[in-house]
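> the following comprises the amino acid sequence and a computationally predicted model.
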Amino acid sequence: MSVRHFLTLNDLTPDELRFLIQRSGELKSLFKRGEVFEPLKNRVLGMIFEKSSTRTRVSFEAGMMQLGGGAIFLSPRDTQLGRGEPIEDSARVLSQMVDAVMIRTFEHEKIETFAEYSTVPVINALTDDYHPCQLLADMQAYQEARGSIQGKTVTWIGDGNNMCNSYINAAMLYDFKLNIACPEGFEPMAELLTKAGDRVKIMRDPVEAVENSHLVTTDVWASMGQEEEADDRIRVFESLQVSPALMDKAHKDAVFMHCLPAHRGEEVSMDMLDDPRSVVWEQAGNRLHAQKALLEFLLCSE
Ligand code: CP
Ligand code: NVA
């Protein structure tokens, strides 16, 4: 069987995605009980980071160690990748030495090229277009807080960015409705909207968007690589701050998520992350378990 990659959620079937949530829960229980489980003994993950990270780096690195393997952090500053060695060559070389490669980069095409030339699984740890690993953690956090997300309504508030694009994929694969409240000109990828059809609605008014919503989620207004636009974006997005008052307009059982890092006073009010409806810390913690389930799936499946 050819090697499996995880570049977007679409690389897995809905059954496989549901299995990962269940498996992640099992691995979380083992971890909480302090049980040693090392199916990846002697296996190595190469981790290429062309953008900053706290959660993604620590969860992949700790996850590999806990599963009995190891991880190597590679940054463009001190590898030949940063000096222009072609991505195709790097993929072919790293494939000879490690068992899987995780990449956080800018252009999504870069990770697609890497995967084309890699003979080991490649995992998208965030590109300008998608952040599928975060969605695994988010879907698990919803399941833990409120049960199945199937048939529920999710509202995305803010920029139509990489996280928003991944939520559109998730809406189709996990079968939920998605309202997106974003300013004009900051919509998610048009081709995804077309593919999603009626399942996804673009709205402008956040209050209307959260009505009857079971999950409200947001992200920074300026993503990595857009730092120079940050001040202008604050002006464009200011009416889209998520606060406990906005959550009051959602379904009474609604939960709040944010992939983090958050900018309090911008996309979230100062008190939103500490509101009882916020599950952001559980959500962040699930990155560890969900990615361990993903690594086990990609590296141990027959
Ligand atoms: N949510 C997320 O991916 O966080 P990091 O940028 O810290 O990895
Ligand atoms: N949209 C954000 C997500 C960070 C985890 C970014 O790309 O910077």
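Cool, the structure landed. Ligands and ions are numbered 1, 2, ... in the order given.
> please make it C-alpha for all contacts and neighbour counts, starting now.
OK.
> show the average pLDDT along the host helix or strand of Ile111.
Ile111 is located in helix 108-117, with elements delineated by DSSP states H and E. The average pLDDT within helix 108-117 is 98.
> do the same with stretch 63-73
98.
> return the set of buried residues in it.
Gly63, Met64, Met65, Gln66, Leu67, Gly68, Gly69, Gly70, Ala71 (16 or more other C-alpha atoms under 10 Å).
> of the residues you listed, list those near ligand 1.
Among those, proximity to ligand 1 is found for none (C-alpha under 6 Å from any ligand atom).
> could you check how many residues crowd around Arg33?
9 (other C-alpha atoms under 10 Å).
> my bad, Val255
24.
> tell me which residue in the stretch 101-250 of the chain sits closest to ligand 1.
Gln134 (6.3 Å; C-alpha to the nearest ligand atom).
> those strands in this structure, which residues are they?
Ranges of strands in the chain, per DSSP state E, are 44-49, 70-74, 100-104, 122-124, 153-157, 177-181, 200-203, 215-218, 255-258.
> the longest one to strand 70-74, inter-axis angle?
I take that to be strand 44-49. 30 degrees (axes from the mean of the first three to the mean of the last three C-alpha atoms, to 10 degrees).
> what about strand 44-49 and ligand 1, touching?
No: Strand 44-49 lies out of reach of ligand 1 by C-alpha under 6 Å from any ligand atom, never closer than 9.8 Å.
> what's the nearest residue to Met172 if we skip its chain neighbours?
In space, and not counting its chain neighbours, Met172 is closest to Ala196: 6.7 Å by C-alpha to C-alpha, 6 or more residues apart in numbering.
> tell me how many other residues crowd the closest residue to ligand 1 within the stretch 151-300 of the chain.
Using C-alpha to the nearest ligand atom, the closest approach of the stretch 151-300 of the chain to ligand 1 is made by Cys259 at 4.4 Å. Look at Cys259: counted by other C-alpha under 10 Å, it has 21 neighbours.
> was I right to think it contacts Trp281?
No: counting by C-alpha atoms under 8 Å, Cys259 does not reach Trp281; the two are 9.5 Å apart.
> need the helices for the protein, in chain order.
Using DSSP state H, the helices found in the chain span residues 14-32, 55-66, 87-95, 108-117, 132-146, 162-174, 190-196, 206-210, 230-237, 244-247, 280-300.
> helices or strands next to the last one in the packing?
The criterion is 3 or more C-alpha pairs under 8 Å, 6 or more residues apart in numbering; DSSP states H and E, and the helices and strands that helix 280-300 contacts are helix 14-32, helix 55-66, helix 132-146, strand 255-258.
> now it against helix 132-146, angle please.
120 degrees.
> now helix 280-300 against helix 55-66, angle please.
50 degrees.
> just checking helix 280-300 against ligand 1, any contact.
No: on the criterion C-alpha under 6 Å from any ligand atom, helix 280-300 is out of touch with ligand 1, staying 7.1 Å away.
> sorry, back to before: for the strands of the chain, which one ends up most surrounded?
Among the strands of the chain, strand 153-157 has the highest mean neighbour count (mean count of other C-alpha atoms under 10 Å), at a mean of 27.
> the inter-axis angle of that strand versus strand 177-181?
Going by the same axes, to 10 degrees, strand 153-157 makes 20 degrees with strand 177-181.
> can you lay out the helices of the chain as TSV showing distance to Ser269?
Output for those, formatted as TSV (distance: least, C-alpha to C-alpha, whole Å):
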stretch	distance to Ser269
helix 14-32	30
helix 55-66	22
helix 87-95	41
helix 108-117	31
helix 132-146	21
helix 162-174	20
helix 190-196	29
helix 206-210	14
helix 230-237	13
helix 244-247	8
helix 280-300	14
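> and the ones you listed: which comes nearest ligand 2?
Of all those, it is helix 162-174 that lies closest to ligand 2, at 5.6 Å by C-alpha to the nearest ligand atom.
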